[in-house]
Structures are given as structure tokens and as C-alpha cells.
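How does the following fold in three dimensions:
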Amino acid sequence: MALALGCGGTPVEGSGGTSDASDTEDTGGGGGTTAGPSTTGGSTGAGPGGSGGMTDGTTGMIDPTESTVDPTTGSPMTTIDPMTTTDPMTTTDPMTTTEPMTTTDPMTTTEPMTTSDSGMGEGCLGIETFTLDVDDADLSGGWYSDYALLVNKDVARYDVGGGDGNNNGAVWTLDIPCEDEWRVWVRFLDDGDEDDFDLRVDGVPNPQWARFDGHCDWSVLTYRWRQINWRQDGESCDDNLGDPWVQSWGPGPHELHFKYRSSEAIADVVVTNDPGYSP
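Next up, the predicted model:
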């Protein structure tokens with residue numbers, strides 16, 4: 001009796017009957033269980049009980065072309081299009097700088113040298129004209145400043161009755177800016193025959209004086225212009241009126257010393273390197 005019970009199967013509740021040893025294959029139908037290990041996540045078969053609908057029915061692998069589910073974690077897989085990235089080669093152009101090569105032209109300087117300040121005896125670059133009057137003169141030996149109605153200004157006048165006939169002078173000193181040929185014009189008082197002065201330029205001639213003739217004929221009282229000239233001893237007044245005494249001056253101070261002879265007043269002195277100048 002005991003042996004018979006050990007060989008017979010004990011009925012299991014809910015099995016629907018006695019299990020046949022030959023009927024162990026799971027057909028994938030609903031409700032049946034097998035003696036194999038339990039599975040997770042629902043049915044492991046390829047039937048309608050499968051999960052997701054995206055699993056290959058043959059291999060059980062997720063088709064990477066149709067699913068964005070990560071095959072490892074089962075979570076949706078988000079990828080960045082490998083062709084869509086922030087361009088790693090986009091940089092600030094290394095050749096673009098703030099004008100590093102812009103410099104002041106080394107050959108360009110501010111007034112590197114002019115003939116007015118070089119002191120090297122270079123020729124003048126253009127016309128230079130200087131007008132001097134009694135305010136620019138050094139007066140001595142009877143010369144003084146006096147108002148002249150004929151020219152409506154102060155002039156250098158010599159005191160004929162009280163001046164020193166041997167040591168007198170109306171002296172103009174001019175700082176010449178550049179080397180050139182300079183002409184000296186004088187506006188003097190013409191009050192009679194042979195209105196003239198003794199004259200030295202930069203101390204020449206010495207010990208004699210040059211004779212500067214202004215006018216050679218009698219005339220009404222007036223002021224007139226004349227370029228300085230140099231009459232030699234023995235010459236007449238008319239011999240040198242048209243022969244100006246042109247000065248070859250370089251940069252620096254130059255002196256015009258007028259000494260009284262017959263004309264007693266000088267209103268203006270003009271020094272110019274313009275050969276066509278006419279006051």
C-alpha cells in the first residue's frame with residue numbers, strides 16, 4: 001500500500017488534471033505554466049503576448065532602425081545626430097588683429113628743417129619781405145623819432161642844428177632767415193638837391209662810407225622810395241641811381257647804418273629777396 005502511494009501523482013489545485021510526463025512543452029497558449037524558470041516582463045514567446053511590438057520575432061533583438069529604445073536599459077535612447085554639432089573649427093580668425101602693422105611713416109616728420117632755422121646757409125624757399133620803421137631803429141648822435149605829417153606816421157629824423165655830424169646814426173639790424181640776394185628799399189625825405197646819406201652795410205665800406213643817393217634834382221618837399229646804391233668817389237649823383245647795391249646775405253643778423261649827409265629823415269626801410277618788388 002505505501003509503495004503504491006509513492007508512485008502515484010498527487011493532484012495539484014488548479015492544474016486541470018494530472019500532468020502527463022510527455023506533455024511538458026509550452027505551446028505559448030494562455031494560462032499554462034511549465035516546470036522551467038519563470039520569466040520577467042510578461043511572455044517570452046513570439047506570440048501576441050510579446051512586449052513592445054518592436055522586438056524581432058526571430059532573434060529577440062531590437063531593430064536599431066525602427067526603435068529608439070536602448071537595448072541595454074530598455075529606456076528610450078536619445079542620440080544627437082552625429083552630423084549636427086557645433087562646428088569645433090569655428091574660432092576667431094587668428095589673422096584678424098587690431099591693425100598691428102599701422103605705424104607712423106618713419107620718413108614723415110614735422111618740419112624737419114627749414115631755411116629759416118637751419119643756419120646752414122641754404123637758399124630761401126620763397127619770397128621774404130620785411131618792413132621796418134623808426135620803432136625798429138637804433139638812433140644816436142642827433143637822430144630821434146618825430147611825427148611826419150607827409151606820411152602820417154613817426155619817422156627817424158636828424159637834428160641838423162644839434163646833431164653830431166661825425167658820429168651819428170639811424171641803424172636797423174635785421175635777422176635774415178635764409179641765404180639769398182636781398183634788396184633794400186628806403187623811403188626818405190626829399191627836400192632839395194642831391195638828397196643823400198652816408199651808408200655802411202655790415203660795416204662795409206670801412207674806413208670810408210658809401211654814398212647813397214636818393215634823388216639828384218630839386219623837387220617839392222616829399223617822401224620818395226629808392227633802392228640803396230653806392231656812389232664811388234669822383235662819380236656824379238646820376239651815375240649810380242639805377243645801379244642798386246644788392247646784398248648777398250646768409251642767415252643771421254645784418255646791419256644797415258645810415259649817417260646824415262643832406263636828407264634829414266627816413267620813414268621806412270624794406271628788405272626783400274623779391275627782384276620784382278616795387279613799393
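
Please spell out the segments of the protein that come in under the pLDDT threshold.
1-122, 233 (pLDDT under 70).

Would you state the strands of this protein in chain order?
When secondary structure is read from DSSP state E, the chain shows strands at 129-132, 137-140, 143-148, 153-158, 169-176, 180-190, 195-201, 210-215, 222-227, 247-249, 252-260, 265-272.

could those strands go into CSV alongside distance to residue 241?
For every residue, glycine as well, the C-beta is placed using N, CA and C. CSV is the format used below for the strands of the chain (distance: least, CB to CB, whole Å):
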stretch, distance to residue 241
strand 129-132, 22
strand 137-140, 24
strand 143-148, 24
strand 153-158, 22
strand 169-176, 21
strand 180-190, 13
strand 195-201, 10
strand 210-215, 6
strand 222-227, 7
strand 247-249, 18
strand 252-260, 17
strand 265-272, 18
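
Residue 236 is nearest to which of the ones you listed?
strand 210-215 (9.2 Å; CB to CB).

Tell me which of the strands of the chain lies nearest to residue 123.
strand 180-190 (6.1 Å).

partners of the closest one, with directions?
Strand pairing for strand 180-190, determined by DSSP bridges: strand 222-227 (antiparallel), strand 247-249 (antiparallel), strand 265-272 (antiparallel).

do you know how far the nearest residue to residue 176 once chain neighbours are set aside is from residue 235?
Spatial nearest neighbour of residue 176, excluding adjacent residues (CB to CB, 6 or more residues apart in numbering): residue 249 at 4.9 Å. To residue 235, residue 249 is 25 Å away according to CB to CB, to the nearest Å.

Surely residue 229 touches residue 246?
No: using CB atoms under 8 Å, residue 229 is not in contact with residue 246, being 9.9 Å away.

who's more crowded, these two?
residue 229 (22 against 15; other CB atoms under 10 Å).

Bridge partners for that one, pull those for me.
Beta-bridge partners, per DSSP bridges, of residue 229: residue 244.

what does residue 190 give?
Going by DSSP bridges, residue 190 forms beta bridges with residue 222.

ok, it touching residue 224?
Yes: the criterion here is CB under 8 Å, and residue 190 meets it with residue 224 at 5.1 Å.

What number of residues are in the vicinity of residue 227?
For residue 227, using other CB under 10 Å, the count is 20.

quick one: the residue nearest to it when sequence neighbours are not counted from residue 217, how far?
Distance criterion CB to CB, 6+ apart; nearest residue to residue 227, sequence neighbours excluded, is residue 244 at 3.9 Å. Look at residue 244 and residue 217: by CB to CB, they are 19 Å apart.
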